[in-house]
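1. Predicted model and sequence below, questions to follow.
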Amino acid sequence: MVTALLGRRLSVLLAIGLSITANELMVQREDALDSAVNAALFAAVSWTIAEVCRRLGGALRTARALSRDLAMREMLLDTILTSVPVVTLDREGRTQRVTPAAAAVLGVRRDEAMALPFHTLVPGFDDLALESARQGGEVLTPSPGSWTVSRADASPVPLTIHANVLPDDIWPEHVVLALADQSQAEAIRQRERDLTERLNNVWRLNSMGEMAATLAHEMNQPLTAAAVYLHAGQADLAKIGPAAEEAARALDLARIQLLRAGDIIRRMRELLSTGSRTFTEERASQMIQDLAPVFTLIGRDTDVVIDIDADTEDDHVMADRIQLQQALANLVKNAVDAAMGREDGRVLITGRSLGPEGYEIAVEDNGRGIPMDQRESIFHPMTSTKAGGMGLGLSVTRSIVESHGGALTVGSSRLGGAAFTFRLPHRSELDAA
Ligand code: ADP
């Protein structure tokens with residue numbers, strides 16, 4: 001038995017052989033047949049016992065290995081669960097296990113939270129929700145996907161909870177709840193909402209300013225023409241003589257008012273065109289990269305993928321950062337609008353360093369492109385093909401680019417749509433201009 005428990009089959013055979021030999025030497029047998037039968041019986045019985053012992057030994061070793069393995073797994077699970085907010089509930093909805101991370105999320109001590117009905121920890125997580133967990137797995141949510149837990153420190157924490165029902169033979173735990181603290185995600189969403197609002201405000205303000213400038217420009221011409229016509233009318237009335245004096249005076253008053261209106265508009269244009277331009281030395285690639293969050297906002301709610309590929313070498317330019325970024329954002333917004341209808345909508349913003357030629361920025365898309373005969377007219381103010389479009393973006397963008405000593409051109413993109421390109425001169429060239 002000892003050999004079977006400790007050794008291999010060969011040792012068992014040896015032990016049996018030695019025992020039979022010793023038995024033969026020590027015990028006197030009647031004849032050879034008696035010896036042989038004795039030896040055979042001894043061998044058979046001891047071999048059977050040895051086999052039973054061997055199997056027993058094997059089973060013991062396996063059991064030990066299994067329980068070691070189980071302990072390791074338990075340890076691993078405990079370690080994993082320490083950092084994962086998980087709560088288990090029994091059939092009555094009382095907490096059975098609360099991991100440290102779950103206690104932290106719920107803002108309670110683990111020992112305090114044990115055996116409590118879960119809805120006392122997360123108000124609103126009611127029996128109805130648990131019932132739905134029992135039936136299907138995913139818990140019904142009272143509001144879009146989240147509960148709010150009010151911690152002792154009074155900061156409400158938005159939570160999402162996913163529930164899984166355990167098999168019936170696991171007892172007493174019945175439901176596993178995986179909690180996820182949504183405060184950070186909620187803060188990011190709030191920040192995104194704020195940013196969108198701010199971007200829209202900036203956009204509105206900028207558009208209003210530019211619209212006023214454009215209107216001023218557009219109205220200046222008809223006003224001047226009206227003044228000229230009035231002047232001509234006055235000259236004609238003068239020929240009639242004193243009878244038309246009254247009318248001529250009225251026309252004169254009208255002409256003075258027109259000139260005044262023109263003056264107001266001129267001053268407004270001056271204010272708008274010179275008031276906010278401040279050129280500083282900028283890195284063009286950085287200006288583009290800094291707009292990445294704005295591009296993300298522009299592309300939000302669309303499937304358009306927006307990529308940036310900007311050379312970082314030799315990219316120093318003189319620019320009014322805000323104005324130039326507004327111009328770029330205008331181009332990207334148009335490009336996203338154009339590519340939006342497509343399944344694989346794509347916009348690419350490239351920045352290329354052209355050595356002494358300056359730095360070239362292109363905004364391309366794989367939208368419908370711009371027909372040859374519209375490539376000039378789209379830059380005219382109030383030209384738009386969009387419902388609700390003001391048709392100011394491109395004219396504003398062009399004037400911003402021109403004020404930077406560049407020129408905005410449009411062509412076809414290798415992506416399949418339109419490509420708007422402009423070049424910014426390096427500092428020395430702008431100074432010389
Ligand atoms: P808005 O965007 O308000 O229409 P814009 O001056 O920015 O004003 O654009 C004028 C027109 O030029 C747009 O209505 C559109 O028809 C055309 N356009 C601008 N960019 C693109 C583009 N990337 N792809 C196709 N068409 C474009």
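-> Okay, I see it.
2. low pLDDT regions in the stretch 251-400 of the chain?
-> Confidence mapping of the stretch 251-400 of the chain against pLDDT under 70 gives the ranges 268-277.
3. Alongside the ligand, which residues does it contribute?
-> 334-335, 338, 365, 367-368, 370, 378, 383-386, 389-394 (C-beta under 6 Å from any ligand atom). Every C-beta, even on glycine, is put in place using the N, C-alpha and C of the backbone.
4. Now intersect those with the strands, please.
-> Asp365 (DSSP state E).
5. Is it possible to mark the buried ones in the residues of the stretch 251-400 of the chain next to the ligand?
-> Buried by 16 or more other C-beta atoms under 10 Å: 334-335, 338, 365, 367, 370, 378, 383, 390-394, out of these.
6. and of these, the nearest to Ala284?
-> Distance to Ala284, by C-beta to C-beta, is smallest for Ala335 among those, at 18.3 Å.
7. Now do the contacts for that closest one.
-> Counting by C-beta atoms under 8 Å, 6 or more residues apart in numbering, Ala335 touches 347, 363-365, 367, 417-418, 420.
8. okay, which residue is most central for this protein?
-> Thr296 (8.7 Å; C-alpha atoms, centre = their mean).
9. what helix or strand is that residue on?
-> In this structure, Thr296 is located in helix 292-299 according to DSSP states H and E.
10. And for Ile349?
-> Residue-wise, Ile349 maps onto strand 346-353 under DSSP H and E.
11. helices or strands next to that strand in the packing?
-> helix 284-290, helix 292-299, strand 305-310, helix 321-339, strand 359-365 (3 or more C-beta pairs under 8 Å, 6 or more residues apart in numbering; DSSP states H and E).
12. for these, which one ends up most surrounded?
-> strand 359-365 (a mean of 25; mean count of other C-beta atoms under 10 Å).
13. Direction included, what does that strand pair against?
-> Here strand 359-365 has these sheet partners by DSSP bridges: strand 346-353 (antiparallel), strand 418-424 (antiparallel).
14. CSV for the ones you listed, including distance to Ile288 and mean neighbour count?
-> CSV is the format used below for the strands paired with strand 359-365 (distance: least, C-beta to C-beta, whole Å; neighbours: other C-beta atoms under 10 Å):
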stretch, distance to Ile288, mean neighbour count
strand 346-353, 5, 21
strand 418-424, 11, 23
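15. quick one, which of those strands is nearest to Leu237?
-> strand 418-424 (51.7 Å).
16. That closest one and the ligand, are they touching?
-> Yes. Legend: contact between strand 418-424 and the ligand by C-beta under 6 Å from any ligand atom is shown at Ala418.
17. Next, the buried residues of stretch 218-231.
-> For stretch 218-231, by 16+ other C-beta under 10 Å, it's 223, 227, 230.
18. list the contacts for the residue in the stretch 301-433 of the chain positioned nearest to the ligand?
-> At 2.5 Å from the ligand, Gly393 is the closest residue in the stretch 301-433 of the chain, using C-beta to the nearest ligand atom. Listed by C-beta under 8 Å, 6+ apart, the contact partners of Gly393 are 330-331, 333-334.
19. Show me what the longest helix seen in the chain is packed against.
-> Counting by DSSP state H, the longest helix found in the chain is helix 183-240. Packed against helix 183-240, as judged by 3+ C-beta pairs under 8 Å, 6+ apart, are the following elements: strand 156-165, helix 245-274, helix 292-299, helix 321-339, helix 393-403.
20. how big is the angle separating that helix from helix 245-274?
-> 150 degrees (axes from the mean of the first three to the mean of the last three C-alpha atoms, to 10 degrees).
21. so helix 183-240 versus helix 393-403, what angle?
-> 90 degrees.
22. Averaged pLDDT, helix 183-240. What do you get?
-> Averaging pLDDT along helix 183-240 gives 79.
23. what's the distance between that helix and the middle of its chain?
-> 35 Å (C-alpha atoms, centre = their mean, to the nearest Å).
24. With distance to Glu245 as extra columns, can I get the strands paired with strand 359-365 in JSON lines?
-> Below are the strands paired with strand 359-365 laid out as JSON lines (distance: least, C-beta to C-beta, whole Å):
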{"stretch": "strand 346-353", "distance to Glu245": "65"}
{"stretch": "strand 418-424", "distance to Glu245": "57"}
